[in-house]
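[1] please work out how this folds:
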Amino acid sequence: MPLVRAAFLLLFVCSFQALRADVPKSLIRVVDKATDEPLIGAHVMFASIEQNTEKSFISYAVTDLEGEVENPYQERVRVEISFLGHQTIKDTIEPGVINIYRMVPSNTDLNEVVVTGQYNPLDMRNSVYNVRVLNEVDIERRGANNLRELLGNELTTVLSQDNALGQSSVSLQGMSGDKVKILLDGVPMIGRVNGNIDLTQINLNNVERVEIIEGPMSVLYGTDALGGVINIITKKNQSGTFEGDLYGYYETVGQYNLSGRFGFKKGAHFAQVNGGRNLFDGFSNPDLDRTKQWKPKEQYFIDGLYSFRKPNFAFSYSPKYFQEWLLVRGAPREPDYVSAFDEYYRTYRFTNAFNFKFQFQSDNSLEVWASHAWYKRSKNRFFKDLTTLEMTETSPADRDTQIFNEVVLRASYSYFAPDKKLTYQMGIDLNYETAKGPRIEGDQQAIGDYAVFASFNYQPSARFSLVPSLRLSYNTKFNAPLVPTVSMRYGINKNWTWRLSYGMGFRAPDLKELYFFFVDINHNITGNTELQAETSQNIQTSINFLKRFNSHYFEFDNRFYYNYVNDGINLVSYDADSFFYDNIDLFQTMGNTVNFKYIWKNVELATGVNFVWLYNRLTDVSNTSTFNFSTDFNFNFTYHIPAWQLDLSLLNKYTGSRPNYYLDDNEEVQLGTMSAFNFMDITATKRFWKDQIHLTVGVKNIFDVTDIQSTVAGGGGIHQTGNDVSASWGRSFFTSVKLNFGG
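    Here you go, the predicted structure:
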């Protein structure tokens, strides 16, 4: 009998366990209430109903690519769901039930989810990096059509303009644009001219946000990321089956832009196409002849996207095509002034990018980027009869065509669990670039950069994170050093956060700096095959204060940075008309940036000041100060009128005078200065028809700033005429209309 009873008891227990196993687990799906898009990386806490007992438990998980997570417990549990920029949700769920939570965006929680340099999408407050985010609202308020117009109001960013080539570039923390990596959806942009990507060629018509990390990011993104990374992130989802928009822009200086987007979504599939045309008539002040100080240009672009998303897998393919025609009209020739030489520059850029993401459970993921980019830039010179308008191409020696190809393969494996003390990311980054053209030595050259990298996040508590990283590279032209970075974040309390980082940077000379040869009647620029790679040391620290109470929001941020660059590469003049690329032994920058933001009900106020010290290279040969000092200041104010669906904004940036020592014709040291200037814009944005129509009007550059006086010899660069530096085309008025449909 005891044996029979034992058998029945065993059968009962097994049957009970089998029944428990058949109880389906509950599923949680988290979406944004405003857009119905899945919220990837939302934090979910599971906890037992009974607390402070032996049976109590607690665990954490994050939502997958579909915004979903499975409850690991087969019983009734408490959940708490949090996601940056949204109101926290608390609830109790039953087993075997699908729960859909629509999280409400919070007007006072201004934290953003960032992806640049992160293992997974992460609350900006929890990142070890200081990430700056400019979103669609910032783009709309500033009437920005391209990256140059968007960054013009930012501290620590300095814009430069080369009017001869119609180009604009940016520096971060005093580090020039050739040391700033520009990414489009995580893929490096190709097509640097004089080391810089032209910011006016980066359209914002379909951009969701721009993320900026200052300081060396070479450990994750390789060469060219010596001074920082700018990642342009485009729209990749929508809430409705059919959605789209039409956008038109007019500015009195002679800008006419028109673009449109159309998207289709069904189940796991999403496809969209967007494109447009930008036209600029050119501008001069005063406009007295056919030449233009700001060159006329016409741009066409068309982008596509197809994505397929499942809970544990996502795939996307994105082709992007861009072309630009730029016209440089020459002055009428003496003695009759009936002829001139005109130059036409044509730029083409075509990129194919693939992205794969595999999610293993909720804490392991593998992401792969693969891309091929093709870039072509051609120049033709014509003799034009101004009476008959006939054009004849000049000598074939005046032609120039440069073609660049770049193949990138990047893969990273991430282990990320919110409740684990140690998480990590490791990956490979393979880059191969070729350059072809008559002004490239040997007509064709190539360079490869192949690397592995690893990063570890040690987080013993929610307050403290320590992230050491290392990159090991093989460069086909240079000996690449080991590149380490150590970053730390410490939450002093719920309001104060301290960050500290040390990073090493590495930049190999690009193919043009090595092999370029351009000598004609107007140019004498040569490459240098003896160049050494640039290396840098950077240290940054910051303290951030954030406080919310009732309807008030305060944020204070104080950052200090220091950059020490060895063998910095510059275009150097060895006589009045000849330039070549060479290494400068030492270059240093340091600065202190203080920002303050305050929001109360319908009022937003943001202001900041940036103090910059740039190393003076002549201090070793003369009795001059070691650093040149300058100050920038910005002030932005927005007032919301909800009843009228109206936003009124004032944006102001003051750029202080920039002193610089230089050698005059007698080889004596002189102190020159580029004068201070102030840009101020006022805009008004009105929304109609249930937010389907956005009308923005405004005035840019109220103080009518055009050329900045400079007493620095050659202050405008090799293509600048005289000592004045072009800053803007003066005061202008603009209007834009955006029509959203579908949804």
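[2] who does the residue lying closest to residue 607 once chain neighbours are set aside bridge with?
    Nearest in space to residue 607, with sequence neighbours left out and distances taken as Cβ to Cβ, 6 or more residues apart in numbering, is residue 635 at 4.7 Å. (C-beta placed from N, C-alpha, C; glycine too.) According to DSSP bridges, the residues that bridge with residue 635 are residue 607, residue 652.
[3] what number of residues lie near residue 635?
    Counted with other Cβ atoms under 10 Å, the burial measure for residue 635 works out to 16 neighbours.
[4] same question for residue 100.
    Residue neighbour count, defined by other Cβ under 10 Å, stands at 11 for residue 100.
[5] OK, contacts around it?
    Under the criterion of Cβ atoms under 8 Å, 6 or more residues apart in numbering, the contact list for residue 100 reads 29, 31.
[6] on that earlier part again, touching, the residue nearest to residue 607 and residue 609? I think so.
    No: counting by Cβ atoms under 8 Å, residue 635 sits too far from residue 609 to count as a contact (9.8 Å).
[7] circling back: give me every residue that touches the residue nearest to residue 607.
    Shown in contact with residue 635 (Cβ under 8 Å, 6+ apart): 606, 607, 650, 652.
[8] and the gap between the first one and residue 154?
    Just to be clear, that refers to residue 606. For residue 606, the distance to residue 154 equals 11 Å [Cβ to Cβ, to the nearest Å].
[9] residues that sit against both of those two, list them.
    Listed contacts common to residue 606 and residue 154 are residue 634; contacts here mean Cβ under 8 Å, 6+ apart.
[10] burial count for residue 599?
    Counted with other Cβ under 10 Å, residues neighbouring residue 599 total 20.
[11] same thing with residue 245?
    By other Cβ under 10 Å, neighbour count at residue 245 equals 20.
[12] isn't it up against residue 261?
    Yes: with contact defined as Cβ under 8 Å, residue 245 and residue 261 form a contacting pair (5.2 Å).
[13] just for the stretch 551-700 of the chain, where's the confidence low?
    Applying pLDDT under 70 to the predicted model, the residue ranges of the stretch 551-700 of the chain that meet it are 573-577, 618-623, 661-668.
[14] what strand or helix carries the residue nearest to residue 646 when sequence neighbours are not counted?
    On the basis of Cβ to Cβ, 6+ apart, the spatially nearest residue to residue 646 that is not a chain neighbour turns out to be residue 686, at 5.1 Å. For residue 686, the enclosing helix or strand under DSSP states H and E is strand 677-688.
[15] so what does that strand touch, helix or strand wise?
    For strand 677-688, the packing partners by 3 or more Cβ pairs under 8 Å, 6 or more residues apart in numbering; DSSP states H and E come out as helix 136-141, strand 646-655, strand 693-700.
[16] how about those in TSV, adding distance to residue 543 and mean neighbour count?
    As requested, those are arranged in TSV below (distance: least, Cβ to Cβ, whole Å; neighbours: other Cβ atoms under 10 Å):
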stretch	distance to residue 543	mean neighbour count
helix 136-141	24	17
strand 646-655	24	19
strand 693-700	34	18
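[17] I'd like those laid out as a markdown table, including distance to residue 241.
    What follows is the helices and strands packed on strand 677-688, written out as a markdown table (distance: least, Cβ to Cβ, whole Å):
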| stretch | distance to residue 241 |
| --- | --- |
| helix 136-141 | 22 |
| strand 646-655 | 30 |
| strand 693-700 | 21 |
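[18] which stretch among the ones you listed comes nearest residue 433?
    Each of these has some distance to residue 433 by Cβ to Cβ; the shortest is helix 136-141, at 30.6 Å.
[19] contacts for that closest one?
    Applying Cβ under 8 Å, 6+ apart, the set of residues contacting helix 136-141 is 144, 150, 204, 207-209, 638, 647, 649, 651, 683, 685, 694, 696, 738.
[20] ok, the closest residue to residue 311 other than its chain neighbours to residue 99 distance?
    Of all residues beyond its chain neighbours, the one nearest residue 311 is residue 66 (4.5 Å), with distances taken as Cβ to Cβ, 6+ apart. Using Cβ to Cβ, residue 66 is found at 14 Å from residue 99.
[21] more neighbours, those two?
    Neighbours around residue 66 and residue 99, counted as other Cβ under 10 Å, are more numerous at residue 66. The numbers are 19 against 15.
[22] so the more buried one, which of the three states?
    Per DSSP: H, G, I helix; E, B strand; the rest coil, the local secondary structure of residue 66 is coil.
[23] that one contacts residue 37, correct?
    No: using Cβ under 8 Å, residue 66 makes no contact with residue 37, being 10.5 Å away.
[24] quick revisit: report the beta-bridge partners for the residue nearest to residue 646.
    residue 646, residue 695.
[25] which residue ranges of the stretch 251-400 of the chain form strands?
    Counting by DSSP state E, counting those that start in this stretch, residue ranges of the strands within the stretch 251-400 of the chain are 255-266, 269-280, 297-310, 313-328, 339-360, 364-385, 391-393, 400-415.
[26] any chance of those strands in TSV, with mean pLDDT and distance to residue 709 too?
    Compiled in TSV, these are given as follows (pLDDT from 0 to 100; distance: least, Cβ to Cβ, whole Å):
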stretch	mean pLDDT	distance to residue 709
strand 255-266	95	26
strand 269-280	96	25
strand 297-310	95	27
strand 313-328	95	25
strand 339-360	94	28
strand 364-385	94	31
strand 391-393	91	37
strand 400-415	94	33
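[27] any chance of those strands in TSV, with mean neighbour count too?
    Formatted as TSV, the entries for the strands of the stretch 251-400 of the chain read as follows, by neighbours: other Cβ atoms under 10 Å:
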stretch	mean neighbour count
strand 255-266	17
strand 269-280	18
strand 297-310	18
strand 313-328	18
strand 339-360	17
strand 364-385	18
strand 391-393	11
strand 400-415	18
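[28] with distance to residue 83 added, can I get these in CSV?
    Formatted as CSV, the strands of the stretch 251-400 of the chain follow (distance: least, Cβ to Cβ, whole Å):
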stretch, distance to residue 83
strand 255-266, 21
strand 269-280, 21
strand 297-310, 18
strand 313-328, 19
strand 339-360, 17
strand 364-385, 18
strand 391-393, 59
strand 400-415, 19
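[29] tell me which stretches of the protein form helices.
    With DSSP state H as the criterion, the chain has helices at 2-22, 136-141, 147-151, 218-221, 511-515.
[30] identify the residues contacting the fourth one?
    Residues outside helix 218-221 that contact it (Cβ under 8 Å, 6+ apart): 117, 181, 183, 188, 225-226, 229, 429, 453, 455, 469-471, 483-485, 503-507.
[31] check contacts around residue 341.
    The neighbourhood of residue 341, defined by Cβ under 8 Å, 6+ apart, consists of 330, 333, 381, 382, 383, 384, 394.
[32] how about a cut-off of 10 Å?
    328-331, 333, 381-384, 394, 398, 521-522 (Cβ atoms under 10 Å, 6 or more residues apart in numbering).
[33] how far away is it from residue 509?
    Residue 341 sits 33 Å away from residue 509, going by Cβ to Cβ.
[34] again, but for residue 305
    Per Cβ to Cβ, residue 305 is found 34 Å from residue 509.
[35] returning to what we had before: got any residues that touch both of residue 66 and residue 37?
    Counting by Cβ under 10 Å, 6+ apart, the common neighbours of residue 66 and residue 37 are residue 31.
[36] just the CA atoms of stretch 702-711, as CSV, please.
    Once side chains and other backbone atoms are set aside, the C-alpha atoms of stretch 702-711 remain, and they are given as CSV (Å, rounded to 0.1, in the frame of the first residue of the first chain):
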residue,chain,number,x,y,z
ILE,A,702,18.0,90.0,-38.3
PHE,A,703,21.3,92.0,-37.9
ASP,A,704,22.2,91.5,-41.6
VAL,A,705,25.6,89.9,-41.0
THR,A,706,27.4,89.2,-44.2
ASP,A,707,31.2,89.3,-44.2
ILE,A,708,33.3,89.2,-41.0
GLN,A,709,36.3,91.6,-40.9
SER,A,710,39.5,89.7,-40.4
THR,A,711,43.0,91.1,-39.9
